[in-house]
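[1] no letters, just coordinates:
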């Protein structure tokens, strides 16, 4: 007789495979409520699979990889950025510097420098095609590899890029598990990232290259924990050369070098060496593309995220509404400069005043430093969350996992014609995120008198969040 309880994980796995197939091949992102149903169903399946098979590490690894391969032959359906990836890769293959020209210019002049130029331009859209590329060199290398292997087929290039992303996730599994073991944390924590439907859909499915960045970041953290700061510096530089976001992390490593050495001078010497390794490696990686025009174009492209683009923001949207109330127009040009300044101040505080002597404390600071940036940014695309999720794996905080569930509410904007955000959905998203964050920081992890003085002190010391001179 069939024992449901004994084999329910098989049923759940089969159901999840069907849901991922529907998501990959039949979903239109304008069908928001269908999208929402699939999203919640997949999170439910993943949660129960994780809970009922948490001791079977091999099984969870296998299904995490299997779910990713469901998307192998599908076109990304929640993002059109991959068309620009292919454009940049094929430009490199033809000997062009992708940082120096606009797709729009070639199309307007009816000059088609690459295969399927018109199809790629129409796919990426006029807005994307009118801006200079902002993808760093290692990201461009991934695009180039896809074009080298498949120069005449868009789906062929998609498959190659997707395989690169899956390989990066396998690398995250390898070094993430090692780092968890070194930090004496459960190895199963890695499935908060690997088995997360958000990660599978947004990164593998929609071809965002955060896994490549995160692979080098996790590897770098592992090597830094081993006190191999030279190799760690190289790995951090490569991570930055995939996506620029790890640049924000660099000040937070200050105490790890200064306070762990016998003398300040010795620690400062290593810290400067660490930063020099990162700086020199980044310069070498950008060198093949470097010119005065490159600097100008790249600066303009990156600046758009602070002056022009708006999406799924939280604190910025509140500031914008205040600007409308008192000035009568959108003050993004001013607010977009203030928000990064606030991030710099916050990063400075947690770098120099919060306790960051251990790797656990460092990663906790990385998590809250990046969270603050995302809470204040003008543009919060869903896939940005992947960095918070992998950092949360090595901490006791789970608000990024909750955020990865509710971030789907931001996609309601694509159900509207023309495209328009519904701020009620955005408000609902952030009420859940901030509510759970407050619960974790001030209620769940608050020391109680029931704990012995020693255990209470050790827990506070380990987290670094409730240190008397390091409150976040």
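    That came through fine. For clarity, every value in this text was computed on a predicted model and none was experimentally measured.
[2] how confident was the prediction at residue 169?
    At residue 169, the predicted lDDT confidence score is 98.
[3] could you do residue 56 as well?
    Predicted confidence (pLDDT) for residue 56: 88.
[4] what about it, how many residues nearby?
    Residue neighbour count, defined by other Cβ atoms under 10 Å, stands at 14 for residue 56. Glycine gets a C-beta too; all of them are placed from N, C-alpha and C.
[5] ok, now the one 4 residues further on?
    When neighbours are defined as other Cβ under 10 Å, residue 60 has 21 of them.
[6] what's the closest non-adjacent residue to it?
    Of all residues not flanking residue 60 in the chain, residue 191 sits nearest, at 5.2 Å (Cβ to Cβ, 6 or more residues apart in numbering).
[7] dump the residue contacts of residue 46.
    When contacts are counted by Cβ atoms under 8 Å, 6 or more residues apart in numbering, residue 46 touches 16, 195-197.
[8] now, which of these lie within helices?
    Under the assignment DSSP state H, those contribute 16, 197 to helices.
[9] between the contacts of residue 46, which sits nearest residue 55?
    Nearest to residue 55 out of these is residue 195 (Cβ to Cβ; 14.3 Å).
[10] residue contacts, the closest one?
    Counting by Cβ under 8 Å, 6+ apart, residue 195 touches 46, 49-50, 60, 63-64, 67.
[11] tally of neighbours for residue 342?
    Neighbourhood size, residue 342 [other Cβ under 10 Å]: 14.
[12] lowest average confidence, helix or strand, in this structure?
    Least confident helix or strand of the chain, by mean pLDDT, DSSP states H and E, is helix 453-463 with a mean of 42.
[13] and the pLDDT for residue 356?
    Note for residue 356: predicted pLDDT of 89.
[14] didn't it look like it was pressed against residue 254?
    Yes. Using Cβ atoms under 8 Å, residue 356 is in contact with residue 254, at 7.4 Å.
[15] compare those two (neighbour count), which wins?
    Using other Cβ under 10 Å as the criterion, residue 356 and residue 254 rank with residue 356 on top: 25 against 17.
[16] any idea which element that one lies in?
    For residue 356, there is no enclosing helix or strand under DSSP states H and E.
[17] need the contact list for it.
    Counting by Cβ under 8 Å, 6+ apart, residue 356 touches 252-256, 350, 362, 365, 464.
[18] picking that back up, buried ones among the contacts of residue 46?
    Listed as buried from the contacts of residue 46 are 16, 195-197; burial here means 16 or more other Cβ atoms under 10 Å.
[19] and the furthest pair within these?
    The distance between the two most remote of these (Cβ to Cβ) is 12.3 Å, for 16 and 196.
[20] what are the buried residues along stretch 259-270?
    267, 270.
[21] quick one: end-to-end distance for it.
    End-to-end distance for stretch 259-270, by Cα to Cα, to the nearest Å: 12 Å.
[22] for it, which outside residues touch it?
    Outside stretch 259-270, the residues that touch it by Cβ under 8 Å, 6+ apart are 229, 257-258, 357.
[23] in PyMOL, how would I select the buried members of the residues you listed?
    Selecting only the buried entries of those in PyMOL, with 16+ other Cβ under 10 Å as the criterion:
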select buried, resi 229+257+258
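[24] helices and strands around the strand or helix carrying residue 298, which ones?
    Applying DSSP H and E as the criterion places residue 298 in helix 292-307. Judged by 3 or more Cβ pairs under 8 Å, 6 or more residues apart in numbering; DSSP states H and E, helix 292-307 is in contact with helix 332-352.
[25] and the longest helix seen in the chain, how far from the chain's centre?
    Taking DSSP H as the criterion, the chain has its longest helix at helix 154-182. In this view, helix 154-182 has its centroid 14 Å away from the chain centroid, taken as Cα atoms, centre = their mean, to the nearest Å.
[26] now stretch 412-425
    23 Å.
[27] what's it in contact with?
    Here stretch 412-425 makes contact (Cβ under 8 Å, 6+ apart) with 29-32, 311-312, 317, 409-410.
[28] now the end-to-end length of that stretch.
    Chord length of stretch 412-425, first to last residue, is 8 Å (Cα to Cα).
[29] could you list the buried residues of that stretch?
    Applying 16+ other Cβ under 10 Å to stretch 412-425 flags 412-415, 421, 425 as buried.
[30] export these to TSV and tack on distance to residue 286 and pLDDT?
    Converted to TSV, the buried residues of stretch 412-425 look like this (distance: Cβ to Cβ, whole Å; pLDDT from 0 to 100):
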residue	distance to residue 286	pLDDT
412	38	93
413	34	92
414	34	88
415	40	85
421	35	92
425	39	95
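[31] which one of the residues you listed is nearest to residue 112?
    residue 414 (29.4 Å).
[32] how many neighbours does residue 120 have?
    Look at residue 120: counted by other Cβ under 10 Å, it has 24 neighbours.
[33] please apply the same query to residue 332.
    Residues lying near residue 332 (other Cβ under 10 Å) number 19.
[34] likewise for residue 62?
    As a burial measure, residue 62 scores 12 neighbours (other Cβ under 10 Å).
[35] for it, which three-state class applies?
    Following DSSP: H, G, I helix; E, B strand; the rest coil, we place residue 62 in the helix state.
[36] mind checking pLDDT for it?
    96.
[37] now do residue 307
    So residue 307 comes in at 74 (pLDDT).
[38] am I right that it is in contact with residue 333?
    Yes. Using Cβ under 8 Å, residue 307 makes contact with residue 333 at a distance of 5.7 Å.
[39] more neighbours, those two?
    Set residue 307 next to residue 333 and count neighbours by other Cβ under 10 Å: residue 307 wins out with 14 against 10.
[40] quick one: low-confidence parts of the stretch 251-400 of the chain?
    Residue ranges of the stretch 251-400 of the chain with pLDDT under 70: 260-262, 329.
[41] which parts of it are helices?
    Here the stretch 251-400 of the chain has its helices, by DSSP state H, counting those that start in this stretch, at 254-258, 264-286, 292-307, 315-327, 332-352, 359-376, 385-392, 399-406.
[42] and the last one, what does it pack against?
    Read it as helix 399-406. Contact partners of helix 399-406 among helices and strands, from 3+ Cβ pairs under 8 Å, 6+ apart: helix 32-52, helix 197-199, helix 359-376, helix 385-392, helix 423-438.
[43] who's in contact with the fourth one?
    Looking back up the chat, that one is helix 385-392. Outside helix 385-392, the residues that touch it by Cβ under 8 Å, 6+ apart are 172, 176, 192-193, 196, 198-199, 202-203, 208, 210-211, 213-214, 217-218, 245, 363, 366-367, 370-371, 374, 398-401, 403-404, 407.
[44] quick revisit: could the buried ones among the contacts of residue 46 be laid out in a markdown table, adding distance to residue 138 and pLDDT?
    Output for those, formatted as a markdown table (distance: Cβ to Cβ, whole Å; pLDDT from 0 to 100):
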| residue | distance to residue 138 | pLDDT |
| --- | --- | --- |
| 16 | 32 | 96 |
| 195 | 26 | 97 |
| 196 | 24 | 98 |
| 197 | 27 | 98 |
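[45] just curious, which of those is nearest to residue 115?
    Nearest to residue 115 among the buried ones among the contacts of residue 46: residue 197, at 34.2 Å, using Cβ to Cβ.
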